[in-house]
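Asks: Fold the following for me, if possible:
(2 chains)
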Amino acid sequence: DIQMTQSPSTLSAYVGDRVTVTCRASQNISSWLAWYQQKPGKAPKVLIYKASSLESGVPSRFRGSGFGTEFTLTISSLQPGDSTSYYCQQYDSSPYTFGQGTKLEIK
Amino acid sequence: EVQLVESGGGLVQPGGSLRLSCAASEFTFSSYWMSWVRQAPGKGLEWVANIEEDGSEKYYVDSVKGRFTISRDNAKNSLYLQLNSLRVEDTAVYYCARERDNSGDFDYWGQGTLVTVSS
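Replies: Numbering: from 1, shown residues only, chains lettered A, B, ... in the order given. Presented below is the predicted three-dimensional model:
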């Protein structure tokens, strides 16, 4: 199985800051990576797919990059509503696997 | 608007069974791979199983192989997950999710249904 290592597990930043979350795959997954945002009590919502494609309706301050084994999610200017949990997911091969999550807090 | 609505969750004793359902609407259900993803209380996301458009191919995470069965009824626009031999560690919110263009990321999710395994 492909292991996804996400860091950091928690992140605290100010409104307006640029923040980055990293996801590393245990083997090459090409661009088969998605990023999800999950608010408490709600289903996850896809932000980025195929490593860098922005989901329709998602603000352009969210950007995904990377290829192979190392990927990043960048929020260019943190907004209060961005304070929640984020997960990466590889879908290069079954079983699909998720990172352990990053909880983003506003200082 | 695409809708996925899960049902069937509840409280069950260890060793028991449940059948989860997911009703799909506003898209051509028979043209998409579908998945179940679960989330234990306070924990991260875990993919559980998926099924090809016509139901001929199915895949499972190792921890549920032989205990859970995914199925679908395209005439009823419905996805199912039969959970047998349930364990305490199967306690989670179970989400059904549509795989985008059958590629493996999930573009639509249901609201989830809670399965609690406890004596």
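Asks: Pull up the residues of chain A that are close to chain B.
Replies: A:1, A:32, A:34, A:36, A:38, A:42-46, A:49-50, A:55, A:87, A:89, A:91-92, A:94-101 (C-beta under 8 Å from any C-beta of the partner chain). Heads up, the C-betas are built off the backbone N, CA and C, glycines and all.
Asks: Buried ones among these?
Replies: Listed as buried from those are A:32, A:34, A:36, A:38, A:43-46, A:49, A:55, A:87, A:89, A:91-92, A:95-99, A:101; burial here means 16 or more other C-beta atoms under 10 Å in any protein chain shown.
Asks: Tell me the pLDDT of the residue of chain A found nearest chain B.
Replies: Across chain A, no residue is closer to chain B than A:Tyr91, which sits at 2.8 Å (C-beta to the nearest C-beta). Per-residue pLDDT puts A:Tyr91 at 97.
Asks: ok, now how distant is it from B:Arg67?
Replies: 24 Å (C-beta to C-beta, to the nearest Å).
Asks: ok, now A:Gly57?
Replies: A:Gly57 is 37 Å from B:Arg67, by C-beta to C-beta.
Asks: Could I get the full set of helices for chain A?
Replies: For chain A, applying DSSP state H gives no helices.
Asks: Return, as residue ranges, the portions of it with sub-threshold pLDDT.
Replies: By pLDDT under 70, chain A contains no weakly predicted segment.
Asks: most centrally placed residue in it?
Replies: Taking C-alpha atoms, centre = their mean, the centroid of chain A lies closest to A:Trp35, which sits 3.8 Å from it.
Asks: Pretty sure that residue sits against A:Ser85.
Replies: No - using C-beta atoms under 8 Å, A:Trp35 makes no contact with A:Ser85, being 11.3 Å away.
Asks: Give me the nearest residue to the residue in chain B that chain A sits nearest to, chain neighbours excluded.
Replies: Here chain B gets closest to chain A at one residue, B:Gly104, 2.8 Å apart by C-beta to the nearest C-beta. Spatial nearest neighbour of B:Gly104, chain neighbours left out: A:Tyr91 (2.8 Å); criterion: C-beta to C-beta, 6 or more residues apart in numbering or on different chains.
Asks: Now do that neighbour against B:Glu6, distance only.
Replies: 21 Å.
Asks: Also A:Gly16?
Replies: Distance from A:Gly16 to B:Glu6, by C-beta to C-beta: 38 Å.
Asks: show me the contacts for A:Trp32.
Replies: When contacts are counted by C-beta atoms under 8 Å, 6 or more residues apart in numbering or on different chains, A:Trp32 touches A:Lys50, A:Ala51, A:Gln90, A:Tyr91, A:Asp92, B:Ser103, B:Gly104, B:Asp105.
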